[in-house]
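1. just a sequence and a predicted model for now, questions to come.
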Amino acid sequence: MSPRWEPDPDVRRGRSVVYTLHAHLVFTPKYRRGVFDEAMLTRCEEIMREVCADFGAQLREFNGGTDHVHLLVHYPPKVALSRLVGSLKGVSARRLGQEFTGRINRARVHGHFWSPSYFVGSCGGAPLSIVREYIENQKRPGPGVPGIERRST
């Protein structure tokens, strides 16, 4: 590596890819029932860290209120976010249900703890306007550029 280049811990490498993918996720219990307390949020964070690790992802930040949780996940490109979300919600609902039976059973509606919907926002990197400007300002090879032959079809 060049001595001028400082490695960025957010940029991860695979066999044929260099990436930095972050997603902000928000989950709510069914009908936004306020069931979370400090102990449940702490255990939910531990469970979700384990699930992320199983997917090769990292849970960078976690927090929540009585009726929702926020996650910041750094994930590899081979992971489909919808599958990660399904596992996060499924495993956490099952384990929290086993460990906090009374609170979870009151919050479950027809056997479901989490609302089927969720919020996901991509984050990290440059703002969209900067990326758009960068792409617009790329130099396109024009006609007659040495070394590039145009074929007529």
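-> In hand now; what should we look at?
2. ok, Ser122 touching Ala23?
-> Yes - using Cβ atoms under 8 Å, Ser122 makes contact with Ala23 at a distance of 6.0 Å. From N, CA and C alone the C-beta is placed, and that goes for glycine too.
3. so is Val73 in a helix, a strand, or just coil?
-> Under DSSP: H, G, I helix; E, B strand; the rest coil, Val73 falls in the strand class.
4. which secondary structure state is assigned to Leu25?
-> Here Leu25 is recorded as strand under three-state DSSP.
5. and Phe100, what is it in contact with?
-> Counting by Cβ atoms under 8 Å, 6 or more residues apart in numbering, Phe100 makes contact with 39-40, 43.
6. circling back to that earlier point, in terms of neighbours, single out the busier of Ser122 and Ala23.
-> Using other Cβ atoms under 10 Å as the criterion, Ser122 and Ala23 rank with Ala23 on top: 20 against 11.
7. bridging residues for the residue nearest in space to the middle of the chain?
-> Central residue of the chain (Cα atoms, centre = their mean): Ala23, 3.1 Å from the mean position. Here Ala23 sits in beta bridges with Val73, Ser122, going by DSSP bridges.
8. related to what we said a few turns ago, most neighbours among the contacts of Phe100, which one?
-> Met40 leads those on contacts (other Cβ under 10 Å) with 19 neighbours.
9. correct me if wrong: that residue contacts Arg103.
-> Yes - between Met40 and Arg103 a contact is recorded at 6.9 Å, counting by Cβ under 8 Å.
10. and the gap between the residue nearest to the centre of the chain and Ser115?
-> Counting by Cβ to Cβ, to the nearest Å, the separation of Ala23 from Ser115 is 18 Å.
11. low-confidence ranges in this structure?
-> For the chain, the stretches with pLDDT under 70 are 1-6, 107, 140-153.
12. longest helix anywhere in it?
-> Ranked by residue count, the top helix of the chain under DSSP state H comes out as helix 81-99.
13. okay, now Glu61: neighbour count?
-> Glu61 sits with 12 neighbouring residues when counted by other Cβ under 10 Å.
14. same deal with Leu25?
-> With other Cβ under 10 Å as criterion, Leu25 counts 21.
15. from Ile135, how far off is it?
-> The value you get for Leu25 to Ile135, if Cβ to Cβ is used, is 28 Å.
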